[in-house]
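> pasted the sequence and its predicted model underneath.
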Amino acid sequence: MSFDWQPLSEPIWLTLKLAVLTTMLLLVVGTPLAWWLSQTSSRLKHAVAALVALPIVLPPTVIGFYLLIFLGPNGPGGAVTQWLGLGTLPFTFEGLVVASVIYSLPFVVQPIQNAFEAIGKRPLEVAATLGASARDRFFSVAVPLARPGFLAATVLGFAHTVGEFGVVLMIGGNIPGETKVLSVAIYDHVEMLEYDQAHLLSIGMIGFAFVVLTALYLANSRIGARTEA
Amino acid sequence: MKALLLLLSLIVGVMPAMAGEVSVAVAANFTNAMHELAPLFEKATGHTLKVSFGSTGKLYAQIENSAPFEVFLAADTKRPEKAEAAGLAVPGSRFTYASGKLAMWSAKPGAWRDAEAWLKQAAFAHLAIANPKTAPYGLAAQQVMRHLGLWDVAQPKLVQGDSIAQTFQFVATGNAEAGFVAASQVKAWKGGGMVWEVPQAYYPPIEQQAVLLTKGADDAAARAFLDFLQSDAARAVIRSFGYGVSE
């Protein structure tokens, strides 16, 4: 009897694609946001920081429910995407990317922001007196010094997207190859009493999460040791 | 000492008869009817109800893994039968409490003039159904589309709700132009829209069965609830939500 791998490999592949894309987008969006939050003395700082942190606190049902309305044909987000000729985003892979970017935002912004803040003002002031432009100070001083933060952000953003469930369930529509990611596939297998497949995917997820987090802690302690030396 | 024992035996003897609590697992499509039935039952008997809603498949999986339910109101006959065969339910306690009616529903008034023609043209981006593998109304929707010869055409445009409640939500928010839901849900919805009651000939009857689970075998309140469900008062409520009930 041959084992049918396709229903198992499709969600894995889709989940990896979603997590990679989301993480890349989040690094692009999150880095300037984290930099601003770390440098600004604006009154808005705390409000923006709270906004970024909201997805940590809110249940996925709240995010999923409002995304469904906001991105739907009668919502403002849906109006924009329809005007751009993109249709509406719920039930599409692109919709999941948008949802994941929102959902995983704090997991990328916060580690980078903390790393920027940990640098302190001195190295940047020294670079400025040496004649480095703002651009130079950012790319040649701040970013390299914040490397552990970027590493943590990348790993956490990626892992958190892989682990996403509630939001996807609410706006995905369970379409194989499009929105049926790993967590939803596992849920489906459990509901259909296909415990073998559910075990296979679940144990894979546990192993994956363990390896990723161990690698992160290991890398962080090495970078820490090197910086201290 | 004797007085104390007497008192204890009085309390123990009287308590279960006075007021019990029934934990009921209820298929999502029956949510609205249940909300109306619960206070009637509680008033008539003094027992209280603890109700959990979900898709029939999910509830069954929970029951199989010793969820603390005493009564199971499924949306099909398959799961209650399975529960009985697996020793999870009391043999002979099964009965049909409602027969479900399938409806195609859109939140947009005037979405179609002729529902069947509209379906056949497939001029929609998304059509919502419940997961046919876990939700009996999803299975019925699949059978309707097979009957109309649309299943292969429509399949790429189908979005699946986890339960019939989520399917309804996809349509209510306008994200799916239409969807196959339970007629009872449309009856309970106050927001307008458009409905096509699918002819019964297009799908096998959705017989929804109730069963007493072994956890509730010796529970008077659980048995009282099953009796209540077959009373005239309860059947009138069930009928008012668009279900068929046996005469």
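That came through fine.
> please state the offset of stretch B:138-149 from the chain centre?
19 Å (C-alpha atoms, centre = their mean, to the nearest Å).
> next, give phi and psi for the closest residue to chain A within chain B.
Going by C-beta to the nearest C-beta, chain A is nearest to residue B:159 of chain B, at 3.0 Å. For the C-beta atoms, the positions are set from N, CA and C on the backbone; glycine is no exception. Backbone dihedrals for residue B:159, given as degrees, to the nearest 10, come out at phi -120, psi 140.
> nearest spatial neighbour of it, chain-adjacent residues omitted?
Distance criterion C-beta to C-beta, 6 or more residues apart in numbering or on different chains; nearest residue to residue B:159, sequence neighbours excluded, is residue A:173 at 3.0 Å.
> shouldn't the one you found be in contact with residue B:170?
Yes: Residue A:173 is within contact range of residue B:170, at 6.8 Å (criterion: C-beta atoms under 8 Å).
> which intervals of the chain have sub-threshold pLDDT?
In the absence of a named chain, this looks at chain A. A:1-4, A:224, A:226-229 (pLDDT under 70).
> that's the wrong chain, I wanted chain B
Applying pLDDT under 70 to chain B flags residues B:1-18.
> give me the spatial nearest neighbour of residue A:143, chain neighbours excluded.
residue A:150 (7.5 Å).
> tell me, how many residues neighbour the one you found?
Applying other C-beta atoms under 10 Å in any protein chain shown, we find 19 residues neighbouring residue A:150.
> then residue B:155?
11.
> picking that back up, what is in contact with residue A:173 and residue B:170 at once?
With contacts defined as C-beta atoms under 8 Å, 6 or more residues apart in numbering or on different chains, the residues shared by residue A:173 and residue B:170 are A:90, B:126, B:128, B:159, B:161, B:176.
> and residue A:203, how far from residue A:197?
11 Å (C-beta to C-beta, to the nearest Å).
> compare the two (neighbour count), which wins?
Remark: of residue A:203 and residue A:197, residue A:197 carries more neighbours, 18 against 10, as counted by other C-beta under 10 Å.
> the more buried one contacts residue A:8, doesn't it?
Yes: contact criterion C-beta under 8 Å: residue A:197 and residue A:8 qualify, at 6.5 Å.
> mind listing the helices for chain B?
For chain B, applying DSSP state H gives helices covering B:2-18, B:31-45, B:56-64, B:78-85, B:115-121, B:136-147, B:151-154, B:164-172, B:183-188, B:220-229, B:232-240.
> please work out which of those is packed deepest.
helix B:164-172 (a mean of 26; mean count of other C-beta atoms under 10 Å in any protein chain shown).
> can you list the domains in chain B?
B:2-99+B:206-240, B:102-197 (automatic domain parsing).
> how far does the first one sit from its chain's centre?
Relative to its parent chain, domain B:2-99+B:206-240 has a centroid offset of 13 Å by C-alpha atoms, centre = their mean.
> again, but for stretch B:108-118
Using C-alpha atoms, centre = their mean, the offset of stretch B:108-118 from its chain centre is 27 Å.
> what about it, start to end distance?
14 Å (C-alpha to C-alpha, to the nearest Å).
> where's residue A:15, which helix or strand?
For residue A:15, the element it lies in under DSSP states H and E is helix A:6-39.
> which phi and psi does the residue of chain A found nearest chain B have?
Distances between chain A and chain B by C-beta to the nearest C-beta are smallest at residue A:173, namely 3.0 Å. Per-residue torsions, residue A:173: phi 80, psi 10 (degrees, to the nearest 10).
> just name the closest of the shared contacts of residue A:173 and residue B:170 to residue A:45, please.
Lowest distance from residue A:45 to those (C-beta to C-beta) belongs to residue A:90, with 32.9 Å.
> among the helices of chain B, which comes closest to residue A:146?
Per C-beta to C-beta, nearest to residue A:146 of those: helix B:164-172, 41.8 Å.
> what's in contact with that closest one?
The contact list for helix B:164-172 (C-beta under 8 Å, 6+ apart) reads A:68, A:90, A:170, A:173, B:27-29, B:31, B:53, B:55, B:75, B:105-107, B:126, B:128-130, B:135, B:137-138, B:159-161, B:176-182, B:185, B:189, B:191, B:193.
> whichever of those end up buried, select them in ChimeraX.
Filtering the contacts of helix B:164-172 down to the buried ones (16 or more other C-beta atoms under 10 Å in any protein chain shown) takes a single ChimeraX command:
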select /A:68,90,170,173 /B:27,28,29,31,53,55,75,105,106,107,126,128,129,130,135,137,138,159,160,161,176,177,178,179,180,181,182,185,189,193
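> which bits of chain B sit near chain A?
Residues of chain B that fall close to chain A, judged by C-beta under 8 Å from any C-beta of the partner chain: B:55, B:57-58, B:60-61, B:64, B:125-126, B:128, B:131, B:133-134, B:158-162, B:166, B:169-170, B:173-176.
> who's in contact with residue A:195?
Residue A:195 touches residue A:189, counting by C-beta under 8 Å, 6+ apart.
> so which of the contacts of helix B:164-172 sit within strands?
Under the assignment DSSP state E, the contacts of helix B:164-172 contribute B:27, B:53, B:105-106, B:128-130, B:159-161, B:178-182 to strands.
> and which of those is nearest residue B:207?
Nearest to residue B:207 among these, with distances taken as C-beta to C-beta, is residue B:27, at 11.9 Å.
> need the residues of chain A near chain B, please.
Residues of chain A lying near chain B by C-beta under 8 Å from any C-beta: A:68-69, A:71-74, A:87-88, A:90-91, A:169-171, A:173-175, A:187-188, A:190-193.
> tell me which other helices or strands whatever helix or strand comes next after the helix holding residue A:15 touches.
For helix A:6-39, the following helix or strand on the C-terminal side (DSSP H and E) is helix A:45-57. Helices and strands touching helix A:45-57, by 3 or more C-beta pairs under 8 Å, 6 or more residues apart in numbering or on different chains; DSSP states H and E, are helix A:6-39, helix A:93-119.
> tell me how far whichever helix or strand comes after the last one is from the chain's mean position?
It stands for helix A:93-119. Later in the chain than helix A:93-119, the nearest helix or strand by DSSP H and E is helix A:122-129. With C-alpha atoms, centre = their mean as the basis, the distance from the averaged C-alpha position of helix A:122-129 to the chain average is 32 Å.
> same check on stretch B:240-247?
With C-alpha atoms, centre = their mean, you get 13 Å for stretch B:240-247.
> end to end on it, go ahead and measure it.
Stretch B:240-247 has an end-to-end distance of 14 Å (criterion: C-alpha to C-alpha).
> buried ones in it?
Neighbour-count burial for stretch B:240-247 flags B:241-245 (criterion: 16+ other C-beta under 10 Å).
> lovely, talk soon.
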